[in-house]
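S.K.: Next one to model:
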Amino acid sequence: MAVTARPHDLLRLSRAAALGGTPPGWVPASIAACPWCVVRRAPHPPGLVPVGIRGTERWQRHAALVPRDAVVRSVPPEELRGRPRLPLLAVTLSAVTLLLAGELEADTTWGPIGGVGFELATGQPVTHPGSDLDLLIRAPRRLDRTLTTRLAAVFIALPGKVDCQLETPGGGISLTEWVRTGGPVMARTDHGPRLVDDPWAPA
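M.R.: Residues are numbered from 1 along each chain as shown. Alright, predicted model coming up:
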């Protein structure tokens with residue numbers, strides 16, 4: 001299967017997927033029980049996808065490279081529109097959905113990531129009462145300063161805690177940090193974090 005894997009996309013792996021290196025002992029059992037992983041940012045050779053694998057415990061996180069041809073399904077965050085299992089997260093995501101439906105342009109997409117995104121994609125119960133609602137907004141064009149300020153203010157007022165990242169041409173940035181500083185801001189890239197004055201400026 002040919003996939004265009006972007007950071008935070010959820011990937012379902014074939015049962016025969018080969019993981020590079022020597023993974024911790026819990027990884028094979030985790031993949032056998034739930035063959036899903038999330039695309040992460042990291043340098044990678046052609047034909048391989050950098051992913052993060054999660055286990056049943058919060059400390060069980062493993063970075064790996066998987067062959068693209070081992071991916072049988074790819075689910076981006078913006079396709080995850082289900083209802084979270086826990087009531088507080090469900091109420092918070094519903095409020096976010098109503099808010100962003102009236103605020104974002106057509107080419108600015110969004111979706112849940114983190115534990116909520118993983119749970120909605122896989123059906124595996126990984127969230128807990130203290131879980132944040134992690135969001136990704138893909139923003140190929142600069143977002144108006146008034147809009148980002150308003151979103152940050154509304155997110156703070158929602159019932160559950162919301163942690164929002166903006167995916168920009170210059171990397172992933174924190175909405176809260178961008179609103180607070182307006183740049184420079186720390187951007188997550190394939191080659192590690194870097195400080196950028198304007199994440200929408202041409203490279």
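S.K.: For the helix or strand bottoming out on mean pLDDT in the chain, buried residues please.
M.R.: Least confident helix or strand, the chain: helix 26-33 with a mean of 90, by mean pLDDT, DSSP states H and E. By 16 or more other Cβ atoms under 10 Å, the buried positions in helix 26-33 come out as 27, 30-31. For glycine as for every other residue, the C-beta is placed from the backbone atoms N, C-alpha and C.
S.K.: what's next to that helix, contact-wise?
M.R.: With contacts defined as Cβ atoms under 8 Å, 6 or more residues apart in numbering, helix 26-33 is touched by 13, 15, 17, 19, 37, 53-57, 60, 62, 64.
S.K.: Could you do stretch 44-58 as well?
M.R.: For stretch 44-58, contacts defined as Cβ under 8 Å, 6+ apart pick out 3, 5, 11, 19-20, 23, 26-27, 30-31, 37-43, 60-69, 71, 118, 126, 190.
S.K.: Mind listing what's buried along the top helix by length along the chain?
M.R.: Identified as the longest helix of the chain according to DSSP state H is helix 87-101. Within helix 87-101, the residues scored as buried using 16+ other Cβ under 10 Å are 88-93, 95-96, 100.
S.K.: continuing past it, what's the next helix or strand?
M.R.: strand 109-113 (DSSP states H and E).
S.K.: what's in contact with that following strand?
M.R.: For strand 109-113, the surrounding residues in contact (Cβ under 8 Å, 6+ apart) are 8, 38, 76-81, 84, 93, 100, 104, 117, 120, 133-138, 165.
S.K.: From the chain's centroid, how far away is that strand?
M.R.: Using Cα atoms, centre = their mean, to the nearest Å, the mean C-alpha position of strand 109-113 is found 7 Å from that of the whole chain.
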